[in-house]
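1. Provided below are the primary sequence and the corresponding predicted coordinates.
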Amino acid sequence: MKEKVKIEPIEQHVIDIVRKLRRNKRLRQQDLARILNTSSSFIGNVENVHNPAKYNLKHISRLADYFELSPRFFLPEYSLSEKKEAYSYRD
């Protein structure tokens, strides 16, 4: 059994937004990796609920430039801190 990975709600929100954009634009993980100047395995790790990898502000800035969006687009409109528990995933 894999170890439990905790992801904060805001982190999961960003991951979900990026994944949705990637799929809507029909981009592969490899394409997104090229945009972010990282490896496709990093993108796979971020999208894998059993891996603690996450996007950082530099990634969000590059994505905003590429998609011609504000960096604010990737963040929730309101704080997600009201949720007591972080997203938790198990096998």
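-> Nice, I can see it.
2. contacting residues around the spatially most central residue of the chain?
-> Centroid-nearest residue in the chain: Ile15, 2.1 Å away (criterion: C-alpha atoms, centre = their mean). Neighbouring residues of Ile15 by C-beta atoms under 8 Å, 6 or more residues apart in numbering: Ile7, Val46, Glu47, Lys54, Tyr55. Backbone N, C-alpha and C define where each C-beta goes, glycine included.
3. Pro76 versus the second one, what's the distance?
-> In this case it means Val46. Plainly put, Val46 is 18 Å away from Pro76 if you go by C-beta to C-beta, to the nearest Å.
4. The two: which is more packed in?
-> Each of Val46 and Pro76 has its neighbours counted (other C-beta atoms under 10 Å); Val46 has more, 22 against 12.
5. picking that back up, can you give me the separation between the residue nearest to the centre of the chain and Leu63?
-> Distance from Ile15 to Leu63, by C-beta to C-beta: 12 Å.
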